[in-house]
Each structure stands twice: as C-alpha cells, then as structure tokens.
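In: what's the 3D shape of this:
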Amino acid sequence: MEGNRATSGKAVHYTIFERITAIITAMSTLVLAIVGICALIFARGQIAEMHEEARIQQLTAFVNKFDSHDRITIRRNLALKRVDQKQMRLRQLDIQNPPVELEDELDFCEDIGLLTDHGYLDRHDVWNQFGVWLFYLYTDARPYLDNLQSPADYRVCMNLVESIRPIEAKEGANTYDHPSESDLYDSYMEDIQRQSGQPAYRARGSKKP
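Out: Just a heads-up that it's a prediction; the model follows:
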C-alpha cells in the first residue's frame with residue numbers, strides 16, 4: 001500500500017515537473033519567435049531606410065548633373081538652335097535631322113526613366129524635381145519622337161513623362177504639362193539668357209510665372 005502511494009507520488013511529481021518543463025519550453029519558443037519577428041521588422045526597416053537613402057542620393061546626383069556647367073551648356077546650345085530671336089518664335093524642328101543637343105536631353109531623360117522604372121528613383125520626386133523640364137522637352141521633341149522608325153527609341157523617356165501626368169493633374173493643376181509654343185520660346189530664351197551659376201528651371205515652383 002505504502003509502495004503504491006510512493007509510486008503515485010513520484011508519478012505526480014514527474015507529471016508536474018514535465019508540465020513545468022513544457023511550459024518553460026513553450027515560453028522560450030514564444031520569446032524566441034517574438035525576438036525573431038522583432039529582428040525581422042527591424043531588418044526590414046533598416047533595408048527600407050537604406051533604400052530611401054539610396055534614392056535620395058541618386059536624385060541628388062541627377063539634380064547636380066542637370067545643374068552642371070556641361071548640361072547648362074547643352075541646353076543653351078539647344079536653345080540657340082531652336083529659337084529665331086529676330087522673329088521671336090520657335091524654329092521649325094527638322095525631324096529628320098534634329099539638333100544633337102535635343103537627343104542629348106532625351107538621353108538624359110532616358111537615364112532618369114530607367115532608374116525610376118527599376119525603383120532607384122521615386123516617381124513623385126522625379127515629377128517634383130524635373131517635371132517642368134520633362135514636360136517642356138517632351139512637347140518640343142514630340143514631332144521628332146512621333147517620326148522615329150523604332151518604337152523602342154526613347155520609349156522609356158516618353159513613358160516617364162506620361163506616368164507623371166497624373167501627378168501633375170492631382171498636385172499641380174496641370175500647370176506645366178501642356179506648354180504652348182510661346183511657353184517653349186520663353187523657356188528657351190531663359191536658357192540663352194541664364195547667367196553662370198543661375199539655377200535652371202526644371203522643378204516645381206522654379207519656373208517663372
């Protein structure tokens with residue numbers, strides 16, 4: 001009888017011990033899971049932050065390049081070829097032989113578009129920093145672009161411009177996306193008259209009213 005009681009007591013003891021062990025194991029597993037989830041959330045946050053920093057760096061690099069002496073010179077030379085200052089109007093664009101500077105500008109637009117498509121630049125930031133220039137460039141180059149033999153030529157640039165139109169419509173009230181010939185003339189004249197060190201009119205709020 002006493003032997004049975006002893007055996008029963010040991011069984012109860014082991015059962016309680018096993019339960020406590022199971023509870024501790026479950027709690028440890030839960031803690032590890034929580035720590036793992038927190039680490040994953042933190043890592044994702046770090047990655048997102050690094051990605052955003054990389055975007056800002058890319059954007060700054062393009063802004064600096066756009067405002068560089070070389071690109072200002074390209075735009076000034078393009079302006080000199082595109083305007084008739086005596087007649088105070090745009091020259092007709094030779095779609096078979098456009099100014100090489102126009103193609104340089106479209107190439108720059110392609111570069112921005114490629115990085116935007118691959119997520120290295122934010123589309124809203126591109127609109128904010130380059131929207132004015134993009135809309136004006138696209139409008140002036142449109143006859144040439146429509147005449148291209150290969151549909152792939154400058155397709156990235158054209159898609160970029162079309163993709164920021166909804167942003168302009170929502171946040172810019174379509175102020176700049178359909179410039180008139182007079183607007184283009186005035187913009188080119190500003191490129192011609194711009195003094196060294198003066199910022200180019202490429203961004204929201206930087207265009208003269």
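In: now the helices for this protein?
Out: 2-66, 69-82, 100-117, 123-146, 155-167, 181-193 (DSSP state H).
In: relative to Ala173, which of those helices is closest?
Out: Judged by Cβ to Cβ, the one of the helices of the chain that comes nearest to Ala173 is helix 155-167, at 11.4 Å. Backbone N, C-alpha and C define where each C-beta goes, glycine included.
In: just to revisit the earlier point, closest one to Gln92 among the helices of the chain?
Out: Closest among these, once you apply Cβ to Cβ, is helix 123-146, at 8.9 Å.
In: in this protein, which helix or strand is least confident?
Out: helix 2-66 (a mean of 71; mean pLDDT, DSSP states H and E).
In: any chance of the helices of the chain in TSV, plus distance to Arg91 and mean neighbour count?
Out: Formatted as TSV, these follow (distance: least, Cβ to Cβ, whole Å; neighbours: other Cβ atoms under 10 Å):
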stretch	distance to Arg91	mean neighbour count
helix 2-66	24	11
helix 69-82	6	17
helix 100-117	12	18
helix 123-146	11	20
helix 155-167	22	18
helix 181-193	10	17
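In: run a quick neighbour tally on Ser68.
Out: Residues lying near Ser68 (other Cβ atoms under 10 Å) number 12.
In: mind checking which of the helices of the chain is nearest Thr175?
Out: Comparing those by their distance to Thr175 (Cβ to Cβ), the top pick is helix 123-146, with 8.8 Å.
In: what angle separates the closest one from helix 100-117?
Out: For helix 123-146 against helix 100-117, the angle by axes from the mean of the first three to the mean of the last three Cα atoms, to 10 degrees is 140 degrees.
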